[in-house]
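Q: here is a sequence with its predicted model. Questions after.
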Amino acid sequence: MKGAILKDIEKLEIEDVKIPEPKENEILIKVKCCAICGTDIKVFHHGHKHIVFPRITGHEVSGVVFKIGKNVKGCKEGDRVAVAPAIPCGKCYYCRKGQQTMCDNLKAIGYHYDGGFAEYMLVPEDAVLNGCVNKIPDNLSFELASIAEPLACVINGQILSRIEVGDTVLILGAGPIGILHTLLAKINGAGKIILADISEERINEAEFTGAYLVDMSKKDIYEEVKNITNGHMADKVIVAVGSKNAQELSLKLVAKRGSINFFGGLPKESPFIQFDSNLLHYGEFFVVGTHGSTPLHNKIAIELLSSGRIKAEKLITHKFPLEKIKDGFEIVENKKGLKVLILP
């Protein structure tokens, strides 16, 4: 099979590699689609503490079950599936509490295990046993099914943000994640949704969401939110970009007793922000973060996509064969589109 092998930092090569053979509790899938995530770009340039080179990356994966181990139950060859890449152990303190994203022994496809930028991908035993393989209905394309992974993370984020019916929700960052937050907030009952970005191109691409759109390169976001909410400000703020400025700005945009979600992480070399704790003290708002998703979130995401309640077709702007994966990486890095798909 052909695979995109990350041999070292910024050394990505398309090569022929042996098709993995599944062991008794493993599944081999034929990859139909693997979407590019922003973290794939970070890994390409900087590596990752859990990645030992060489590694096939890619974790937003959908495909067909090609071969199963003799002990695997619940799926068969030919099943259409999406794979939740974050693998909880199911045994630690946090897993037993039902907080699988905080698993002490969390592993991930594309990091600890080879991922989906290849013609075939092995789903390891711990992923199979912990429910990471979810069937996708016939009415859901493999392309949309690959978006279940980022949508699952968004679902986790909005649960943590505790969005309520009638809330004004402000989302900073109009990339794929920000748009998914917008679409989900709408069906979660948000009263007003404001989507803002410093890129005019991003704002134009997000017109289909129906949100209040604010081009921060031209307008003062504080004044815009103040005007839209009659001075109340945003009940829930979701920072869907890894930006210090956006995180610091969010502290001034949240309503009293509201919440802020730092959904986008900051670079490890520069993780600190200026935090005016008096704003928190007097505003009594809450600040949370979001890290990943669970297999259940992935299953819910598939249901939302297949039912049409989340219409994500317009998120898909580019498609490339595996051989042109570097072109896909370049588009994502330069923010010239939304979701970029690799079709091995």
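A: Alright, I've got the coordinates.

Q: helices along the stretch 51-200 of the chain, start to end?
A: For the stretch 51-200 of the chain, the helices defined by DSSP state H, counting those that start in this stretch occupy 93-96, 125-129, 142-145, 148-161, 176-187, 200-205.

Q: so what secondary structure elements neighbour the third one?
A: Contact partners of helix 142-145 among helices and strands, from 3 or more C-beta pairs under 8 Å, 6 or more residues apart in numbering; DSSP states H and E: strand 27-35, strand 60-68, strand 80-83, helix 295-307, strand 316-321. C-beta here means a position set from N, CA and C on the backbone, and glycine is covered the same way.

Q: will you turn these into CSV that also has distance to residue 146 and mean neighbour count?
A: Converted to CSV, those look like this (distance: least, C-beta to C-beta, whole Å; neighbours: other C-beta atoms under 10 Å):
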stretch, distance to residue 146, mean neighbour count
strand 27-35, 4, 25
strand 60-68, 5, 23
strand 80-83, 7, 26
helix 295-307, 10, 21
strand 316-321, 9, 16
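
Q: the residue nearest to residue 25 when sequence neighbours are not counted and residue 89, how far apart?
A: Distances taken as C-beta to C-beta, 6 or more residues apart in numbering place residue 125 nearest to residue 25, at 4.1 Å, with adjacent residues excluded. Distance, residue 125 to residue 89, using C-beta to C-beta, to the nearest Å: 12 Å.

Q: how about low-confidence regions in the protein?
A: Scanning the chain for pLDDT under 70 picks out nothing.

Q: report the central residue of it.
A: The residue lying closest to the centre of the chain (C-alpha atoms, centre = their mean) is residue 150, at 2.5 Å.

Q: which one of the helices of the stretch 51-200 of the chain lies closest to residue 233?
A: helix 148-161 (15.2 Å; C-beta to C-beta).

Q: that closest one to strand 60-68, inter-axis angle?
A: On the basis of axes from the mean of the first three to the mean of the last three C-alpha atoms, to 10 degrees, helix 148-161 is oriented at 120 degrees to strand 60-68.

Q: thinking again about what came up before, now do the same contact list for the residue nearest to the centre of the chain.
A: 35, 37, 60, 176-177, 180 (C-beta atoms under 8 Å, 6 or more residues apart in numbering).

Q: residue 60 against residue 35, yeah?
A: Yes - between residue 60 and residue 35 a contact is recorded at 3.8 Å, counting by C-beta atoms under 8 Å.

Q: which neighbours do the two share?
A: Contact criterion C-beta under 8 Å, 6+ apart; residues shared by residue 60 and residue 35: 146-147, 149-150.

Q: ramachandran angles for the residue nearest to residue 316 when sequence neighbours are not counted?
A: The shortest distance from residue 316 to any non-neighbouring residue, by C-beta to C-beta, 6+ apart, is to residue 339 (5.1 Å). In terms of degrees, to the nearest 10, the main-chain angles of residue 339 are phi -90, psi 130.

Q: what sits against the nearest residue to residue 100 once chain neighbours are set aside?
A: Nearest residue to residue 100, sequence neighbours excluded (C-beta to C-beta, 6+ apart): residue 88, at 3.8 Å. Residue 88 makes contact with 95, 100-101, 103, 105-106, 130, 294-295 under the criterion C-beta under 8 Å, 6+ apart.

Q: rebuild those as a markdown table, extending it with distance to residue 119.
A: As requested, these are exported to a markdown table (distance: C-beta to C-beta, whole Å):
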| residue | distance to residue 119 |
| --- | --- |
| 95 | 32 |
| 100 | 30 |
| 101 | 30 |
| 103 | 30 |
| 105 | 30 |
| 106 | 27 |
| 130 | 25 |
| 294 | 28 |
| 295 | 24 |
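
Q: please tell me which one of these counts the most neighbours.
A: residue 100 (26 neighbours; other C-beta atoms under 10 Å).

Q: how close does that one sit to residue 152?
A: As judged by C-beta to C-beta, residue 100 and residue 152 stand 12 Å apart.

Q: joint contacts of those two?
A: Common neighbours of residue 100 and residue 152, using C-beta under 8 Å, 6+ apart, are residue 294.

Q: hmm, who's touching stretch 100-110?
A: Contacts with stretch 100-110, where a contact means C-beta under 8 Å, 6+ apart, come from 40, 50, 55-59, 61, 83, 85-95, 113, 115-116, 121, 123-124, 126-127, 132, 156, 291-295.

Q: returning to that earlier point: for the residue nearest to residue 25, the count of nearby residues, please.
A: Residue 125, neighbours per other C-beta under 10 Å, totals 18.

Q: which among the contacts of residue 88 gets closest to residue 255?
A: residue 101 (26.7 Å).

Q: name the nearest residue to the closest one, ignoring sequence neighbours.
A: residue 292 (4.8 Å).

Q: one more: residue 166?
A: Per C-beta to C-beta, 6+ apart, closest to residue 166 is residue 191, 4.3 Å.

Q: surely that neighbour touches residue 167?
A: Yes - counting by C-beta under 8 Å, residue 191 touches residue 167, with 6.1 Å between them.

Q: can you list residues touching both of those two?
A: By C-beta under 8 Å, 6+ apart, no residue touches both residue 191 and residue 167.
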